[in-house]
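Enquirer: coords below, sequence missing:
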C-alpha cells in the first residue's frame, strides 16, 4: 500500500532521531531503519515476511550527514514502494553514502553552522543580550536546518533512484560554497571583539597594540597549521590559568 | 558561603541536570538543533544560576575552541553540551566577574568536553550491543523501535550524569578562585588567554576555508574590529 | 602520465578518496573503471554528486579504459583511476598498462568468502591471485586507506592470509 501523508510526516519527524543508535558497526544504519518504519509498515501491510526482509536491508551500514539522511530515508522508502529489485536497492544505498556525507559535511558542518555561530557571538560582543544572542543563533541556524531536512526528505521521495542528478551542483553546495569568505572575515572580527571584551577593565602585561600584533601572528600560524594551532590554543588556556593562580599565590 | 548565596539550591541543581540531559542528547541523538553548542549550553547554565551573560562569555570562548572539531564520520570531538553548561553555570555562580573564576571555568569546560568525548565513545560501543542481533530486530520492528529509543534515553542519561557529577565541584572551585587577585605575573595570564583565543580562531577558520588562500580575510576582519573599537573609545 | 593514483576501493568516489587523497594530491579528474557502472546513469549521477567544483568523473568500461588509456593518461591536470574490485585492475595490468605504476589498495570490506587482512581490506582467494598478477607488472602494490595512514606491502597482506 502507498504510504499516506501522515506516514511520510512520521518518517520525516523520525529523521531528527536518525543518529539515536549510532554505533561503530552500522553507523547510522539502524537509525535509517527506525525512521523508515512508518513507511515500511504501510508498504508491506499484512505481509510480515517482506516487511522483515525490508527492515533487515534497511538496517545495513550507512553513513551520511544526519540532516541529509532524510533523503536516504525517503528515497529508500520510495524504492521499496516502487517494488525495486533488492539488489538495485543495495547498489543505490552504497552509492548514496558518498554524496550525502560529503555534500552535507561541506555545507552544514563546514559553512552554515560556523556562520550562524559567529553571527550569534557577534551579536553578543556587540551588546545584544545573551538570551537574544542565543536566540538569534538558534533561529537562524535552525531555519537552515529545517529547510535542508525538509527539502532532502521531499526530494528523496519525489526523485527516488534519480536523486543523484539533483544532488550534482545542488543549491546547498552553491550557497555554502559562497559562505566561506564571510566566515573568515567574521572569525577575525569576533576573535578581536571577544578578546577586547575579556580584557576590558583589566591591566594586561603588554599594550593592546602589542597584543593585537601577537594575536594576529598567532592566528595566522594556527590557520596555516590548524592541528598544531589547536594544541597551542589548549596549552595557552592552561598557561593562562597557571599564570593567574601562581601569580595570585606569590602575591 | 550558603547555598542561597551560590543560587545553587536543590531545585536549581535538578533543573541543571535535566538541562544537561537535553543538551547531552541534542549533539548526536535527538534533535540536533544545536542547543548542545557551548555558546548555547553555557548560556543556559549561566541563566539557571541567574547570570546568562556570564554564561555566554564563557560559552563564546569555548565555542571558538570547539569550532575546529566538526563531527565528521566516526571521528572524535569534544562533547560540548554538558561541558558548556557546567562551565557557564560555574562562572555565573562565582559572580561572573573575577578573572580567576573565568579562567578556571574555561579550563573546566575544555577538559569536561574531552571527558564527555570518552563517554560518547563508550556509548557508540554500547549501541552496537543494544542494536543487535540484526535478524531479531528485523523480525520485530517494535523491538527495533524500543531499542532505538532506549539508546536515545541512555544518551540523555549520559548528559545528566555528567552535569550531576561535575556541577557542584565546578561551582565550588570557581567560587574559591574568586579570591585570587591580580598580580604582576597574572598580568601575563590575560595575554596568554587572548593568544589562546587567537590560536583557536585561526585553527577553527580552516574548517570553513578552502586551502590557505583566504588568510588575508582573517586579518581584514581583525583590523576592522580593531578600528571599530578605536572609534568607540575616542 | 597524468594519472597519479590507481586505487582499488569498492566505495569508489567517497570522502576518503575525494577529500583524503584528492585534496592532498590535487586531483582534478577521476576515471572510474567498471562495466556495470559505465552503463548505469543513475549510479553515475550519485557517485559524482559529491565531487568538488571543477572536478570531473568519467565512467568507462574495462574495454573502453584499455582502448583509450593513452588519452585518459594524458589529460591536463592530475587524475586518479578507481576500480571497485581487483578484477578490473588485473585486466588493465594484463593489457600491459600498469608498468611502473603504483597501485593502492584502499577498501575491500568484509563479506562472505573474504578473509580479513586489515581493518579495511578483506580478500578472497581470487582477489589474492588478481593482486599477484597486478604486482608482476606494476612497480608496487600496497594497501593504505588515507595518505597519512600506514602503508602495507602486498607480500605482508598475502602472507597474513596464507
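Expert: Arrived safely, thanks for sending. Keep in mind that this is a model prediction, so the values were computed, not measured.
Enquirer: Looking at chain B, which residue is nearest chain C?
Expert: Taking CB to the nearest CB, chain C has its nearest neighbour within chain B at residue B:73, 7.0 Å off. Every residue, glycine included, has its C-beta placed from N, CA and C.
Enquirer: For the lengthiest helix in chain C, name the packing helices and strands.
Expert: The longest helix of chain C (DSSP state H) is helix C:125-137. Identification of packing neighbours for helix C:125-137 by 3 or more CB pairs under 8 Å, 6 or more residues apart in numbering or on different chains; DSSP states H and E yields helix C:86-94, strand C:102-107, strand C:140-143, helix C:154-161.
Enquirer: mind running it again at 10 Å?
Expert: strand C:3-9, helix C:86-94, strand C:102-107, strand C:115-118, strand C:121-123, strand C:140-143, helix C:154-161 (3 or more CB pairs under 10 Å, 6 or more residues apart in numbering or on different chains; DSSP states H and E).
Enquirer: who wins for proximity to residue A:10 among those?
Expert: Nearest to residue A:10 among the helices and strands packed on helix C:125-137 is strand C:102-107; the distance by CB to CB comes to 35.4 Å.
Enquirer: mind listing what's buried in the closest one?
Expert: Using 16 or more other CB atoms under 10 Å in any protein chain shown as the test for burial, strand C:102-107 gives C:103, C:104, C:105, C:106, C:107.
Enquirer: swap in stretch B:120-132?
Expert: When neighbours are counted by 16+ other CB under 10 Å, the buried residues of stretch B:120-132 are found to be B:120, B:123, B:124, B:126, B:127, B:130, B:131, B:132.
Enquirer: Between these, which sits nearest chain A?
Expert: Nearest member of those to chain A, counting by CB to the nearest CB, is residue B:127, at 3.7 Å.
Enquirer: I'd guessed that closest one sits against residue A:30; true?
Expert: Yes - counting by CB atoms under 10 Å, residue B:127 touches residue A:30, with 8.0 Å between them.
Enquirer: Residues that sit against both of the two, list them.
Expert: Residues touching both residue B:127 and residue A:30 (CB atoms under 10 Å, 6 or more residues apart in numbering or on different chains) are A:19, A:20, A:21, A:22, A:23, B:147, B:148, B:151.
Enquirer: Need phi/psi at the third one.
Expert: The main-chain torsion angles of residue A:21 are listed as degrees, to the nearest 10 and equal phi -120, psi 30.
Enquirer: Would you map the helices across chain B?
Expert: Under DSSP H, chain B gives helices at B:3-6, B:10-26, B:38-48, B:52-66, B:80-93, B:99-130, B:134-139, B:141-177, B:187-208, B:215-233.
Enquirer: Between those helices, which one is closest to residue A:186.
Expert: helix B:215-233 (6.4 Å).
Enquirer: If you tally nearby residues, what's the number for residue 56?
Expert: Picked chain A for this. Close neighbours of residue A:56, defined as other CB atoms under 10 Å in any protein chain shown, add up to 15.
Enquirer: um, chain B though
Expert: 33.
Enquirer: For it, which residues are in contact?
Expert: Taking CB under 10 Å, 6+ apart, we find residue B:56 in contact with A:120-121, A:124-125, A:129-131, A:133-134, B:38-40, B:42-47, B:63, B:84, B:88, B:91-92.
Enquirer: hmm, back to that, now for the buried residues of strand C:102-107, which pair is the farthest apart?
Expert: Pairwise distances across the buried residues of strand C:102-107 (CB to CB) peak at 13.6 Å, for the pair C:103 and C:107.
Enquirer: domains of chain A?
Expert: Listed domain ranges for chain A are A:5-177, A:203-251 (source: automatic domain parsing).
Enquirer: just those: most buried one?
Expert: Highest mean neighbour count among these (mean count of other CB atoms under 10 Å in any protein chain shown): domain A:5-177, with a mean of 21.
Enquirer: Off-centre distance for that domain?
Expert: Domain A:5-177 sits 11 Å away from the centroid of its parent chain (CA atoms, centre = their mean, to the nearest Å).
Enquirer: Likewise for stretch B:57-69?
Expert: Using CA atoms, centre = their mean, the offset of stretch B:57-69 from its chain centre is 8 Å.
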